[in-house]
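Asker: Prediction below, plus the sequence it came from.
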Amino acid sequence: MIEGNLHLKKGNFELHSGAFAFPAQGVSVLFGRSGSGKSTLLRAMAGLDKDTRGTLRFKGETWQDQAWRLPATERHIGFVFQDAALFPHLSVRGNLAYAARRAPAATPQNTIESIAAAALRMGVAELLDQTVTTLSGGERQRVAIARALLSQPRLLCMDEPLSALDWRAKSELLVLIDALAKETGIPVLFITHSPLEVERLADRVIFMTDGRIDRIESLVEALARPDSPLFDEEGPVSVLQGSLRACDEHGLTGFGNDALHLRLSLAPGARPSASRLRILARDVSLATVQPQGLSILNQLPVTIAALHPSRQGRVTVACHLADGQQLLAEITAYSCQVLALAPGMAAFALIKSVALME
């Protein structure tokens, strides 16, 4: 577990996190508006600010106890910043070597081997001899992540590492970070104010407002409540768990599990997270009988679980799929009335394949 209660005053801003506790595993996302204290809390947890007060324990080990604190260098934390923070006078290899030489039990031989393995895993093996000033934003962040991993961290902290990237680089790195968290088993603390990044990566969400933690929820819990802050930008969203399947003869990609089968039309070169599919509720229609002669290929049997009236004459309908996962549909209040929708009713959720393009 990661548990504590931290206080820090920086100028006119005060962090009063309140007591918190969450598992030291998977990806925990700190989410909130700009100025809510996300970066301040992350720096306090990493031991980067000597004025931090309060308590902090990591997997049963005390990192902060009121005025005493474990030095940041002894917490063995890998940090990835928004601007990558690479050494501009060094090559990619030099930046990676800096971290690899400082890893526990580093030797000249395993340093060389670990650099090669990390560069290959992060897709920068062909860039090792380039200076970092010649790299694109996405390449710089790949090197920064590789450098953080080479330090053999017990905890990986990432402070809005994708905010300055274009959509393609961001999409690629979301998939990569998700895979790395699963492969390495290193717990990740990830800062963002983008709901999309939360929905792609988070195992749990730490919601922050005005320097305090409002609540800590699993991603499933955060998406289950109609007033979730994750819905502020694009409206209600569902995140389905499954896996990608091979393209069929029509060029459509499959996604799902033994009980869930969807067909996706992906943009050229695009690829969703291997285990998650994000669906906007406004892209889901409902029918009380299965339609015939329709171009919408994804027609999923669902059970209506709840109706949540929302703004501007719209209703969010929470449905359960055959495998128990939740799928949200946003329809007009008039449609809800005409169809006489009610909890417990069987229906069909209709999702256009092109609506699932990444």
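Answerer: Arrived safely, thanks for sending.

Asker: which residues of the stretch 1-150 of the chain fall in strands?
Answerer: 2-10, 13-16, 20-22, 27-31, 53-58, 61-65, 68-69, 77-80 (DSSP state E, counting those that start in this stretch).

Asker: ranking those by burial, who's on top?
Answerer: Using mean count of other C-beta atoms under 10 Å, the stretch among those with the largest mean neighbour count is strand 27-31, at a mean of 24. C-beta: built from backbone N, CA, C; applies to glycine.

Asker: where does this structure have low pLDDT?
Answerer: For the chain, the stretches with pLDDT under 70 are 105-110, 246-252, 264-274, 357-358.

Asker: mind giving me the domain ranges of it?
Answerer: Annotated domains of the chain cover 2-228, 238-356 [automatic domain parsing].

Asker: Point me to the helix or strand that includes Leu180.
Answerer: Counting by DSSP states H and E, the element that carries Leu180 is helix 167-184.

Asker: Can you name the next helix or strand after that helix?
Answerer: Once the chain leaves helix 167-184, the next helix or strand it forms, by DSSP H and E, is strand 188-192.

Asker: Would you mind giving the orientation angle of that following strand with respect to strand 2-10?
Answerer: Calculated by axes from the mean of the first three to the mean of the last three C-alpha atoms, to 10 degrees, strand 188-192 forms an angle of 40 degrees with strand 2-10.

Asker: With only the CA atoms kept, save the very next helix or strand once past strand 188-192 in CSV.
Answerer: Per DSSP H and E, strand 188-192 leads on to helix 195-201 as the next helix or strand towards the C-terminus. What follows is helix 195-201, C-alpha atoms only, in CSV (Å, rounded to 0.1, in the frame of the first residue of the first chain):
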residue,chain,number,x,y,z
PRO,A,195,-9.9,12.1,-19.2
LEU,A,196,-8.8,10.1,-22.3
GLU,A,197,-5.5,9.3,-20.7
VAL,A,198,-7.2,8.3,-17.5
GLU,A,199,-9.5,6.0,-19.3
ARG,A,200,-6.7,4.4,-21.3
LEU,A,201,-4.3,3.8,-18.4
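
Asker: Need the residues that contact helix 195-201.
Answerer: Residues outside helix 195-201 that contact it (C-beta atoms under 8 Å, 6 or more residues apart in numbering): 27, 29, 31, 162, 170, 174, 177-178, 181, 190, 192, 205, 219, 222-223, 229-234, 237, 239, 273, 276, 278.

Asker: For burial, what's the neighbour tally of the residue nearest to Phe255 when sequence neighbours are not counted?
Answerer: Nearest residue to Phe255, sequence neighbours excluded (C-beta to C-beta, 6 or more residues apart in numbering): Leu262, at 4.7 Å. Neighbour count of Leu262, defined by other C-beta atoms under 10 Å: 20.

Asker: Tell me who's in contact with Leu262.
Answerer: 240, 242, 254-256, 277, 298, 300, 351, 356.

Asker: for those residues, which one is nearest Thr131?
Answerer: Leu277 (39.0 Å; C-beta to C-beta).

Asker: Could you list the paired strands of the helix or strand encompassing that closest one along with their orientation?
Answerer: Element membership of Leu277 [criterion: DSSP H and E] is strand 276-280. Next to strand 276-280 in the sheet, as set by DSSP bridges, lie strand 237-241 (antiparallel).

Asker: Return the set of buried residues in the strand it pairs with.
Answerer: Neighbour counts over strand 237-241 (16 or more other C-beta atoms under 10 Å) mark 237-240 as buried.

Asker: any idea how far Arg53 is from Gly211?
Answerer: Distance of Arg53 to Gly211, computed by C-beta to C-beta, to the nearest Å: 14 Å.

Asker: what's the answer for Lys170, then?
Answerer: From Lys170 over to Gly211 the distance is 28 Å, taken as C-beta to C-beta.

Asker: in stretch 131-151, what's buried?
Answerer: Using 16+ other C-beta under 10 Å as the test for burial, stretch 131-151 gives 131-132, 135, 138-151.

Asker: sorry, back to before: return the most buried member of the domains of the chain.
Answerer: Highest mean neighbour count among the domains of the chain (mean count of other C-beta under 10 Å): domain 2-228, with a mean of 18.
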